[in-house]
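K.L.:
no sequence on this one, just coordinates:
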């Protein structure tokens, strides 16, 4: 049974925090550690359910993984092509990243494997990853293009793939398959997407070519175990950044957060909205820059996001939408991809915001949420997260602007990426009220 959370209106947020390890990077480090030769130590590993699904699947494939102290995991790699045939279906839970990236790896192994997921994942489309893997020689089966997804792996051959829709998950699946293939595999995207896979290949001792939006890898490479620390998750930090930008008197400092330039487009969005944002890169490890972000409220304005902006903001759009609850407006177009995430994020956002008392309308490929100058604060209400972690967090940030306490149904969905989110929210409000240290 899902759990609910009550969110009390807040005047401001203040505090310093560190967010959980980056979910996208943690998935990839675990997968490459499993394919590497030797032992890897991965510190500050993402604690959410999605990354735990990846670890569970790898264990079923014969990879030795030990949990260490303070969120560190130890992985004994098996090398390319050496995963073990699983005894049963591999459960990816709610994680589309687990399913799509593992499909790329399993396509190059000589045994059948079936990937399953929860009800939400079972509705997500897989044809965009199936098609290139089949071109490489694997045989894949699905139910009308949806999970369960069965991969009959084989010896693969390289391809040049040009997806119509930019997707880091599809790109990564093809590159992972390409590392198991004969020849040079190339992916040319119509727009740049997050490049954690490319950086991770290099971090584990592999070679990758990147020219513009074209990425190439050769098969037959050997990777080596590494000691790495996962930076804080920028997409999780985005909700605190939005809250600080929106609430007068707010100041939130986020430490040791990932600052990969393919992930930080929201910084510019917040500045356009009217916030003061300071970004300091403190270090770069394994090609991934990290550092500190400070966000302070200044004023509330309008934000317009079009199709060219969307690939770099796809996971931050729910946080950006929550800005409109506090003043100004958010207008998003060209984001039809949101329809096939953990929920229909366009429909879920609009329904949830309306339930909280906001003006919101959906389009086939986006939404508009607004609060005109002089409008009363939203009344508050009951918003349903529909099993989606980002919906739960977006509604919580929006509810801070309400006239009365609001309820987020299915609030426990935050455990997918950010266990402890509501505890951190309470601490930041507590500090802003002058009852605790900032």
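P.N.:
Nice, thanks for sending it over. Quick caveat: nothing in here was measured; it's all calculated off a predicted structure.

K.L.:
hey, where'd the helices end up in the stretch 151-300 of the chain?
P.N.:
168-178, 196-203, 234-246, 265-273 (DSSP state H, counting those that start in this stretch).

K.L.:
Just send the ones you listed back as TSV, with mean neighbour count too.
P.N.:
(Glycine included, C-beta is placed from N, CA and C.) Shown next, in TSV, are the helices of the stretch 151-300 of the chain (neighbours: other CB atoms under 10 Å):
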stretch	mean neighbour count
helix 168-178	27
helix 196-203	23
helix 234-246	28
helix 265-273	20
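
K.L.:
looking at these, which is closest to residue 188?
P.N.:
Closest to residue 188 of these is helix 168-178 (CB to CB; 9.6 Å).

K.L.:
Now do that closest one against helix 196-203, angle only.
P.N.:
40 degrees (axes from the mean of the first three to the mean of the last three CA atoms, to 10 degrees).

K.L.:
Quick one: mean pLDDT for helix 168-178?
P.N.:
Across helix 168-178, pLDDT averages out at 98.

K.L.:
elements contacting it?
P.N.:
helix 23-35, helix 96-106, helix 127-135, strand 184-188, helix 196-203, strand 214-218 (3 or more CB pairs under 8 Å, 6 or more residues apart in numbering; DSSP states H and E).

K.L.:
now the ones you listed as JSON lines including mean pLDDT?
P.N.:
JSON lines is the format used below for the helices and strands packed on helix 168-178 (pLDDT from 0 to 100):
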{"stretch": "helix 23-35", "mean pLDDT": "98"}
{"stretch": "helix 96-106", "mean pLDDT": "98"}
{"stretch": "helix 127-135", "mean pLDDT": "98"}
{"stretch": "strand 184-188", "mean pLDDT": "98"}
{"stretch": "helix 196-203", "mean pLDDT": "98"}
{"stretch": "strand 214-218", "mean pLDDT": "98"}
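
K.L.:
Could you export these as CSV, including distance to residue 429?
P.N.:
Formatted as CSV, these follow (distance: least, CB to CB, whole Å):
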stretch, distance to residue 429
helix 23-35, 25
helix 96-106, 31
helix 127-135, 41
strand 184-188, 44
helix 196-203, 32
strand 214-218, 43
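
K.L.:
closest to residue 408 out of those?
P.N.:
Closest among the helices and strands packed on helix 168-178, using CB to CB: helix 23-35, at 20.4 Å.

K.L.:
if I look at the residue nearest to residue 341 when sequence neighbours are not counted, how far off is residue 272?
P.N.:
Nearest non-adjacent residue to residue 341, counting by CB to CB, 6 or more residues apart in numbering: residue 388, 7.1 Å away. Distance of residue 388 to residue 272, computed by CB to CB, to the nearest Å: 26 Å.

K.L.:
Could you chop the protein up by domain?
P.N.:
Listed domain ranges for the chain are 5-21+231-432, 23-229 (source: automatic domain parsing).

K.L.:
coming back round to it: neighbours around the residue nearest to residue 341, how many?
P.N.:
Counted with other CB atoms under 10 Å, the neighbours of residue 388 add up to 26.

K.L.:
what residues are up against it?
P.N.:
Contacts for residue 388 (CB atoms under 8 Å, 6 or more residues apart in numbering) come out as 120, 341-343, 345, 348, 410, 413.

K.L.:
Residue 44 too?
P.N.:
Residue 44 makes contacts with 21, 70-72, 229-232, as judged by CB under 8 Å, 6+ apart.

K.L.:
So which one of the residues you listed is the model least confident about?
P.N.:
Among those, residue 70 has the weakest pLDDT, 87.

K.L.:
Can you say which helix or strand has residue 351 in it?
P.N.:
helix 345-355 (DSSP states H and E).

K.L.:
Return the list of helices and strands in contact with that helix.
P.N.:
Counting by 3+ CB pairs under 8 Å, 6+ apart, helix 345-355 packs on helix 317-322, strand 359-363, strand 366-371, strand 382-384, helix 389-399.

K.L.:
residues in contact with the closest residue to residue 16 other than its chain neighbours?
P.N.:
Leaving aside its sequence neighbours, residue 16 sits nearest to residue 253 (CB to CB, 6+ apart; 4.4 Å). Contacts for residue 253 (CB under 8 Å, 6+ apart) come out as 15-17, 292-294.

K.L.:
go again using 7 Å as the cut-off
P.N.:
16, 292, 294 (CB atoms under 7 Å, 6 or more residues apart in numbering).

K.L.:
what's the first-to-last distance across stretch 73-92?
P.N.:
Chord length of stretch 73-92, first to last residue, is 19 Å (CA to CA, to the nearest Å).

K.L.:
for the record, mean pLDDT for it?
P.N.:
Stretch 73-92 comes out at a mean pLDDT of 97.

K.L.:
how far out from the middle of the chain is it?
P.N.:
Taking the mean of its C-alpha atoms, stretch 73-92 sits 23 Å from the chain's own mean (CA atoms, centre = their mean, to the nearest Å).

K.L.:
Also stretch 72-89?
P.N.:
Centre-to-centre, stretch 72-89 and its host chain are 23 Å apart (CA atoms, centre = their mean).

K.L.:
shouldn't residue 292 be in contact with residue 280?
P.N.:
Yes - counting by CB atoms under 7 Å, residue 292 touches residue 280, with 4.7 Å between them.
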